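Peer 1: pasted the sequence and its predicted model underneath.
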Amino acid sequence: MPQIKIFVDSDVVISSLLSQLGAAYYLINTAKNLELTISNYSEEELQIVRARLNINTSHLKQLTEERLAVIKVNESIQKIKTKFKEYTSDPNDTHIIAGAKYSKAKFLITYNLKHFKVDKIKKDLGIYVTTPANLLQYLRSIS
């Protein structure tokens, strides 16, 4: 089975670091045939949240190095906010859409579904937006 490209929102990465029991942990740490991606902007966001939640720096670094590919989004945040504003209700999440698009992801995995215009993203960009649990259910159905 070929690898499935997945863009992972920061909330899913943080969740996987906080609990070893949930779908986020399983998806990021044990699911097979997944190419998990974040962007340089997501990486910055993760550092801010890591510090705020007092998460061990080495745990996030290890996870990023071993399981997450980081793609470089070369556009400025201001340009991204303008270019992708129609896909989210929160301008601070536009970089997530940009990262998913530029990484050529098939799925965008997030716990913040309410922030994203899921149908429009699927229609215009061909990216399915869903939660870790829903993606796991889908993966089980195709294996």
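Peer 2: Arrived safely.
Peer 1: from here on, contacts and neighbour counts on C-alpha atoms
Peer 2: Fine.
Peer 1: can you give me the helices for this protein?
Peer 2: 10-18, 23-29, 40-52, 57-67, 77-83, 94-102, 118-125, 132-142 (DSSP state H).
Peer 1: any idea which of the ones you listed gets closest to Ile109?
Peer 2: In terms of C-alpha to C-alpha, the element of those nearest to Ile109 is helix 132-142, at 6.0 Å.
Peer 1: which elements pack onto the closest one?
Peer 2: Contacts defined by 3 or more C-alpha pairs under 8 Å, 6 or more residues apart in numbering; DSSP states H and E place helix 132-142 against helix 23-29.
Peer 1: output the helix it packs on in PDB with nothing but the alpha carbons.
Peer 2: Extracted C-alpha coordinates of helix 23-29, given in PDB (Å, rounded to 0.1, in the frame of the first residue of the first chain):
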ATOM      1  CA  ALA A  23      -6.300   8.500  18.500                       C
ATOM      2  CA  ALA A  24      -3.700  11.200  18.000                       C
ATOM      3  CA  TYR A  25      -1.000   9.200  19.700                       C
ATOM      4  CA  TYR A  26      -1.800   6.100  17.800                       C
ATOM      5  CA  LEU A  27      -2.000   7.900  14.400                       C
ATOM      6  CA  ILE A  28       1.300   9.700  14.900                       C
ATOM      7  CA  ASN A  29       3.300   7.000  16.600                       C
END
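Peer 1: so where's the protein uncertain?
Peer 2: The chain contains residues with pLDDT under 70 at 1.
Peer 1: run the last query once more with 90
Peer 2: 1-3, 20-21, 29-33, 56-57, 59, 139-143 (pLDDT under 90).
Peer 1: what's the residue closest to the geometric middle of it?
Peer 2: Val8 (1.5 Å; C-alpha atoms, centre = their mean).
Peer 1: could you give the bridge partners of that residue?
Peer 2: Beta bridges link Val8 to Ile109, judged by DSSP bridges.
Peer 1: residues contacting it?
Peer 2: Counting by C-alpha atoms under 8 Å, 6 or more residues apart in numbering, Val8 touches 36-38, 108-110.
Peer 1: out of the helices of the chain, which one sits most buried?
Peer 2: helix 94-102 (a mean of 23; mean count of other C-alpha atoms under 10 Å).
Peer 1: no further queries at this time; thank you.
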